[in-house]
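S.K.: Sequence below, structure please.
(5 chains)
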Amino acid sequence: MILGKVTGSIVSTRKQENLIGSKFMVVEPLEKNKEKFIAVDMIGAGIGETVLVATGSAARVGCGMNEAPIDAAIVGIVDEGQEGVIK
Amino acid sequence: MILGKVTGSIVSTRKQENLIGSKFMVVEPLEKNKEKFIAVDMIGAGIGETVLVATGSAARVGCGMNEAPIDAAIVGIVDEGQEGVIK
Amino acid sequence: MILGKVTGSIVSTRKQENLIGSKFMVVEPLEKNKEKFIAVDMIGAGIGETVLVATGSAARVGCGMNEAPIDAAIVGIVDEGQEGVIK
Amino acid sequence: MILGKVTGSIVSTRKQENLIGSKFMVVEPLEKNKEKFIAVDMIGAGIGETVLVATGSAARVGCGMNEAPIDAAIVGIVDEGQEGVIK
Amino acid sequence: MILGKVTGSIVSTRKQENLIGSKFMVVEPLEKNKEKFIAVDMIGAGIGETVLVATGSAARVGCGMNEAPIDAAIVGIVDEGQEGVIK
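M.R.: Residues are numbered from 1 along each chain as shown, chains lettered A, B, ... in the order given. Model prediction:
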């Protein structure tokens, strides 16, 4: 899994029907060389929080969303004061 | 998921039979370091639009196309004025 | 999916039994920064042709080869005169 | 699979329910150009140990955790004195 | 799939139980920019041989090892004299 910071969210009014209700968050990986991406929020993460993101089929099957086109999901909020472990 | 801009489309007359009817769009990721790729359009995206793309098995299983060789699908059109969130 | 050019083929006499009969083609992605890889040909692609390649489980499940260790498959031949769309 | 060194662990109190009980370890790949990531420990690995990490659906399905959003798992501890094989 | 050269093997005495009996080989991709990784040998490959490696779920499901945490498998030995096709 990847550690990242939630830096924003996006709105998509016109989308595949199984994505209705999903919240699309912009995640910036803590590792400097990795690029921002969009992850669906599964746990109520807020902007500025450091989160744990699952990618690939884990984001879909592991979150009980097998029928939705989701390839990245926020699945944990990292407790405060731990960002240093990844740097 | 990845945010990208639709920059064109390609035609493949000779293709695997489960791809018949699919529209192949060229997507340029908003993130500068990522390269263009081909995604199947699931929602009627047009050239110039900013889209949300699901990759891997999410593109196939999550779009009800389990039997087709699709590894990237356009699953949302991003509402206007939001490109700045990823830059 | 990835667009690439077929630049050759390889022979593997000793291989996993579910690969018997597969044709292994060398594919050079049109995007300059991506590296050559091997894809199984599903549609009779020839050397020099520009092809559409599906990767990951799409190459296997989407081509009805669920039981074979295939992670990349040529699933379309791009009609002539379209290479410019990806460059 | 990837060889890496366990350099720390992180705590996430608020997480997807199928992750409860999982230990999140920080893994630094032995290959210099790859970046640190988080893997769930399946075998009791300790900080400083060189481990074998499975990624993608192998981490989830291959470890009997099909319903959890896990995309990387520590599945082996490399016997001492072998780090040189990867360098 | 990836072409690579087998450069060594590693031993992991303490490992996930479904990996017992697996041989872990170090594979160096022929493409210069890709990094070494570990693949499970399915066909009796030896050090120095050029091999075909399947990655992702293809390595597991395609080799009848669905329940094992394997994300890369050696599935073919490339016949001699063909390394030039990838360079």
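
S.K.: And stretch A:61-72, end to end?
M.R.: In stretch A:61-72, first residue to last residue: 11 Å (Cα to Cα, to the nearest Å).

S.K.: what's next to that stretch, contact-wise?
M.R.: By Cβ atoms under 8 Å, 6 or more residues apart in numbering or on different chains, the residues outside stretch A:61-72 that reach it are A:16, A:18-19, A:22, A:27, A:37-40, A:42, A:53-56, A:59-60, A:73, A:75, B:1, B:42, B:54-56, B:58-59, B:61-64, B:73, B:75, D:16, D:18, D:60, D:65-70. C-beta here means a position set from N, CA and C on the backbone, and glycine is covered the same way.

S.K.: Inside helices: which ones of the residues you listed?
M.R.: A:59-60, B:58-59, B:61, D:60 (DSSP state H).

S.K.: which residues does whatever residue of chain A ends up closest to chain E contact?
M.R.: Closest to chain E within chain A is A:Ser57: 8.1 Å, counting by Cβ to the nearest Cβ. If you count contacts by Cβ under 8 Å, 6+ apart, A:Ser57 has them with B:56-58, D:56-57, D:60.

S.K.: Make TSV from the ones in helices among the contacts of stretch A:61-72 and add neighbour count and distance to A:Thr7 to it.
M.R.: As requested, these are exported to TSV (neighbours: other Cβ atoms under 10 Å in any protein chain shown; distance: Cβ to Cβ, whole Å):
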residue	neighbour count	distance to A:Thr7
A:Ala59	29	19
A:Arg60	27	23
B:Ala58	28	22
B:Ala59	29	25
B:Val61	22	29
D:Arg60	27	27
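
S.K.: I'd say A:Ile47 and A:Glu28 touch.
M.R.: No - using Cβ atoms under 8 Å, A:Ile47 is not in contact with A:Glu28; the gap is 11.0 Å.

S.K.: These two: who's more crowded?
M.R.: Neighbour totals were compared for A:Ile47 and A:Glu28, and A:Glu28 leads with 16 against 11 (other Cβ atoms under 10 Å in any protein chain shown).

S.K.: Quick check: pLDDT value at the more buried one.
M.R.: The score at A:Glu28 is 96. That number is its pLDDT.

S.K.: ditto for A:Lys32
M.R.: 81.

S.K.: repeat for the one 5 residues further on
M.R.: Reading off the confidence values, A:Phe37 has pLDDT 96.

S.K.: hmm, back to that, show me which pair in the contacts of A:Ser57 is furthest apart.
M.R.: B:Ala58 and D:Arg60 (14.3 Å; Cβ to Cβ).

S.K.: What residues are bridge-paired with A:Leu52?
M.R.: A:Leu3, A:Gly76 (DSSP bridges).

S.K.: could you check the distance from it over to chain C?
M.R.: Here A:Leu52 is placed at a distance of 23 Å from chain C (Cβ to the nearest Cβ, to the nearest Å).
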